[in-house]
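**Q** Sequence first, predicted model second:
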Amino acid sequence: MGKIYESISAWLLQLGMSEGLTMILLRAGAVLAILAVAFIIDGICRKLIVPIVRKITLKTESKWDDYLLNDAMLNDICRLIVPVAAYALIPMLLPDPYLLDTLLKLCSIYIIIVFVKLICTFISSLYSLASEHEKMKDHSLKGFYQMLKLVVICFGSIIVISTIIGKNPLAILTGLGAGTAVLMLVFQDTIKGFVAGIQLIANDMLRPGDWITMPKYGADGDVIEVTLTTVKVQNWDKTIITVPPYALVNDSFQNWRGMFDFGGRRIKRSINIDMNTVRFCTAEELAGFRQQPWMEGFEETGKEEVNLYVFRHYVEYYLRHHPKVNADMIMTVRQLQPTAQGLPVELYFFSADTTWLKYERLQAEVFDHVLAMLNSFGLKVFQTPTGMDIQSARIS
């Protein structure tokens, strides 16, 4: 190649060109030749090899190749072709030591930058692939992959700097040791977020899609994203709340995932009975009750039965046979401590559907029915007298 270079140089000199102009033309011609060859190789890869790879990945049944050899990955691989080809051709076409060293350094820097981008794209493809996997899609892996990208970018930056100044990357890393305290101060949220993210994943404390409640930060809704520095929660009013990941580890929060996995949502609510209406049932009332199907399994306490006891048995039967109530979970109708506002009778049961709207509808439906049935057992709800009640009492 040196002989060709000398022959062209001699030919240009014979044409009457000056030595300086000859050197400029030789260098420019060499650079153009290098770029031309590199772009021809790049065009062959983009127009011929890449379409073949895409067709192969589309025909295979496995999904991993669709993610790891996607368009972004193939484009980044093609971007490496031009600088790598140029790096290989420069020593052959440019014997000038000064220009050779400068161009090789520029090519090296460009190769490092493109290679770092390729690795980051590969990490993103791995994240997309893991997110689709049945065992991994429920885990918050985004923060972990973001940390990997950050590490790759940091190492790439160090190698670029070492290439520019012509020093060993290890020497730069050694020099950075003195500035570790400053770096930790600058990236403290990132470091704490990464550590917290590892704890959240390892202990399975949080997954995208979980309903969490954290009153301190005003969070009450579904987790939509977990990153290195933030956990995004979409509240029920569609507002977005961002919470630091380390706050979820250091502070207390409520995760409702267990309720959904368990298959039932608890309803624990009471009504206050006017204690003046609690009495023994008459013989006629008992005879009418015994003819009802809900008296099946009724345990009589003696000759006389209290209307509230019969009512509690009816409510238990009603809940046990309600299609929207989870009959496999604990269910009870109990009395609480009497108060000045009457005798609280608490209904404790679980809904079969955990969705919020159906849960609220069931709760309203049950208590609508219970309140309507009270009068059939001679019971009344206690409520504080209003002005209308006092006025009616005076009139009577």
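**A** Yes, it's here. Just so it is clear, the model here is predicted, and its values are computed rather than measured.
**Q** List the residues that contact the nearest residue to F311 once chain neighbours are set aside.
**A** In space, and not counting its chain neighbours, F311 is closest to F377: 4.3 Å by Cβ to Cβ, 6 or more residues apart in numbering. Just so you know, the C-beta spots here come from the backbone N, C-alpha and C atoms, and that holds for glycine as well. By Cβ atoms under 8 Å, 6 or more residues apart in numbering, the contact set of F377 is N307, L308, V310, F311, Y314.
**Q** Pick out whichever of those sits closest to G156.
**A** Y314 (73.3 Å; Cβ to Cβ).
**Q** Neighbours of that closest one, how many?
**A** 20 (other Cβ atoms under 10 Å).
**Q** Enumerate every residue touching it.
**A** Applying Cβ under 8 Å, 6+ apart, we find Y314 in contact with W294, M373, F377.
**Q** and with 7 Å instead?
**A** Y314 is in contact with W294, counting by Cβ atoms under 7 Å, 6 or more residues apart in numbering.
**Q** That one: helix or strand, and which one exactly?
**A** helix 307-320 (DSSP states H and E).
**Q** ok, and for that helix, which residues are buried?
**A** Neighbour counts using 16 or more other Cβ atoms under 10 Å place 307-319 of helix 307-320 among the buried residues.
**Q** Please produce JSON lines containing those residues, extended by pLDDT and distance to A72.
**A** Formatted as JSON lines, the buried residues of helix 307-320 follow (pLDDT from 0 to 100; distance: Cβ to Cβ, whole Å):
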{"residue": "N307", "pLDDT": "92", "distance to A72": "74"}
{"residue": "L308", "pLDDT": "94", "distance to A72": "70"}
{"residue": "Y309", "pLDDT": "92", "distance to A72": "71"}
{"residue": "V310", "pLDDT": "93", "distance to A72": "71"}
{"residue": "F311", "pLDDT": "94", "distance to A72": "67"}
{"residue": "R312", "pLDDT": "93", "distance to A72": "65"}
{"residue": "H313", "pLDDT": "93", "distance to A72": "67"}
{"residue": "Y314", "pLDDT": "94", "distance to A72": "65"}
{"residue": "V315", "pLDDT": "94", "distance to A72": "61"}
{"residue": "E316", "pLDDT": "93", "distance to A72": "61"}
{"residue": "Y317", "pLDDT": "93", "distance to A72": "62"}
{"residue": "Y318", "pLDDT": "94", "distance to A72": "59"}
{"residue": "L319", "pLDDT": "94", "distance to A72": "56"}
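**Q** ok, of these, which one's closest to D76?
**A** Nearest to D76 among the buried residues of helix 307-320, with distances taken as Cβ to Cβ, is L319, at 61.3 Å.
**Q** quick one, what contacts that closest one?
**A** L319 touches V325, M331, F349, counting by Cβ under 7 Å, 6+ apart.
**Q** domains of this protein?
**A** Using automatic domain parsing, the domain parsing of the chain gives 1-136, 138-256, 263-377.
**Q** so which of those comes closest to P385?
**A** domain 263-377 (11.4 Å).
**Q** avg pLDDT for stretch 224-242?
**A** On average, the pLDDT along stretch 224-242 is 85.
**Q** Find out how far it is from the centre of the chain, if you would.
**A** Relative to its parent chain, stretch 224-242 has a centroid offset of 9 Å by Cα atoms, centre = their mean, to the nearest Å.
**Q** sorry, back to before: mark which of the contacts of L319 are buried, thanks.
**A** V325, M331, F349.
**Q** residue contacts, the last one?
**A** For F349, the contacting residues are I267, L319, V325, M331, taking Cβ under 7 Å, 6+ apart as the criterion.
**Q** so it is in which element?
**A** strand 343-351.
**Q** mind listing what's buried in that strand?
**A** Applying 16+ other Cβ under 10 Å to strand 343-351 flags L343, P344, V345, L347, Y348, F349, F350, S351 as buried.
**Q** which helices and strands sit right next to whatever helix or strand Q146 lives in?
**A** Using DSSP H and E, Q146 sits within helix 142-165. Using 3 or more Cβ pairs under 7 Å, 6 or more residues apart in numbering; DSSP states H and E, the elements in contact with helix 142-165 are helix 97-132, helix 169-176, helix 188-202, strand 219-226.
**Q** Give me the subset of the contacts of F349 that lies in strands.
**A** Per DSSP state E, strands hold the following members of the contacts of F349: I267.
**Q** wait, doesn't V278 sit right on F311?
**A** No. The criterion here is Cβ atoms under 7 Å, and V278 misses it with F311 at 9.5 Å.
**Q** Restricting to C-alpha, output the strand holding F349 in CSV.
**A** Coordinates of each C-alpha in strand 343-351 appear next as CSV, following Å, rounded to 0.1, in the frame of the first residue of the first chain:
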residue,chain,number,x,y,z
LEU,A,343,-76.6,-2.2,70.6
PRO,A,344,-74.1,-2.6,67.6
VAL,A,345,-74.7,-5.8,65.6
GLU,A,346,-71.6,-6.4,63.4
LEU,A,347,-71.6,-8.3,60.1
TYR,A,348,-68.2,-9.8,59.3
PHE,A,349,-67.9,-11.6,56.0
PHE,A,350,-65.9,-11.5,52.7
SER,A,351,-67.1,-10.6,49.2
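**Q** residue ranges of the strands in the stretch 251-396 of the chain, please?
**A** 254-255, 265-273, 332-335, 343-351 (DSSP state E, counting those that start in this stretch).
**Q** Quick one: closest of those to E225.
**A** strand 254-255 (16.1 Å).
**Q** For that closest one, which helices and strands make contact with it?
**A** strand 211-214.
**Q** partners of the strand it packs on in the sheet?
**A** Partners of strand 211-214 in the sheet, by DSSP bridges, are strand 219-226 (antiparallel), strand 254-255 (antiparallel).
**Q** Pick the most buried one from those strands.
**A** The highest mean neighbour count among the strands paired with strand 211-214, using mean count of other Cβ atoms under 10 Å, belongs to strand 219-226: a mean of 19.
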